[in-house]
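**Q** only geometry, no sequence info:
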């Protein structure tokens, strides 16, 4: 990505695109790891971006689909906090009226891939034998997604970098970082991403409103 006079050039697999402003809407740590900025980012911002954790980027998330929300029939909420299996926190993910029926949970980073048998055993322990046979079991380790998390995502633990004022300033007057991690409010949640988008959108519109 190059800032040249009054525009920005972005090289990608299909060629080069040119724009007057660019918003980099991915986690700062991923941006600094995968994008070459010319001129480079200010040292302070580059260091801050490299140290900023990716929200939930090291977690493994699990969705177990079932024919019915059977746990509700037994007076269970489908929610749990557990330290006796791979999943730490669980919630009822069923749609309106219980359809489609599903339980959702996430696990802290582990050295080995999350074993499906261990997941099912934990669900049975928490919700009964009917949890033994999910229609489908989706397991997503976000550490393995290169377009979501940088390779060193597990080493990033300084959440005090979230919402740092440095993220709100334009880079070379035409480039902004904007993600839930940079949001001035509710960083780490969808509200944080929306807040970041509002700020950056207003700043970019101000630049676009004054042609050079």
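**A** On my side now, so go ahead. Here the structure is a predicted model, which means the values were calculated and not measured.

**Q** List the contacts of stretch 23-41.
**A** By Cβ atoms under 8 Å, 6 or more residues apart in numbering, the surrounding residues in contact with stretch 23-41 are 1-3, 46, 48-55, 57, 146-153, 156, 167, 171-172, 175-179, 181-182, 197, 200-201, 204. Every C-beta, even on glycine, is put in place using the N, C-alpha and C of the backbone.

**Q** Okay, and which of those map to strands?
**A** Per DSSP state E, strands hold the following members of the contacts of stretch 23-41: 2, 3, 175, 176, 177.

**Q** for the residues you listed, which one is nearest residue 13?
**A** Minimum distance to residue 13 across these is 16.6 Å, recorded for residue 2 (Cβ to Cβ).

**Q** Just to check, that closest one is in contact with residue 9?
**A** Yes: assessed by Cβ atoms under 8 Å, residue 2 is found in contact with residue 9 at 4.5 Å.

**Q** picking that back up, separate out the buried members of the ones in strands among the contacts of stretch 23-41.
**A** Burial by neighbour count, 16 or more other Cβ atoms under 10 Å: within the ones in strands among the contacts of stretch 23-41 this picks out 3, 175, 176, 177.

**Q** and the second one, what is it in contact with?
**A** Contact partners of residue 175, counting by Cβ under 8 Å, 6+ apart, are 1, 3, 8, 21, 22, 23, 24, 37.

**Q** Could you give me the PyMOL syntax to select whichever of those are buried?
**A** The PyMOL selection below is limited to those of the contacts of residue 175 classed as buried (16+ other Cβ under 10 Å):
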select buried, resi 1+3+8+21+22+23+24+37
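
**Q** Tell me which of the contacts of residue 175 fall in strands.
**A** Judged by DSSP E, the subset of the contacts of residue 175 located in strands is 3, 8, 22, 23, 24.

**Q** Tell me which two in those are the farthest apart.
**A** 3 and 23 (13.6 Å).

**Q** shaky segments in the chain?
**A** Applying pLDDT under 70 to the chain flags residues 211-212.

**Q** So it: which segments form each domain?
**A** The chain breaks down by automatic domain parsing into domains covering 2-55+149-208, 60-143.

**Q** Start and end of the first one, how far apart?
**A** So that's domain 2-55+149-208. Using Cα to Cα, to the nearest Å, the end-to-end distance of domain 2-55+149-208 comes to 18 Å.

**Q** roughly how far is it from the heart of the chain?
**A** For domain 2-55+149-208, the gap between its own C-alpha mean and the chain's C-alpha mean amounts to 14 Å (Cα atoms, centre = their mean, to the nearest Å).

**Q** Sweet, I'm off.
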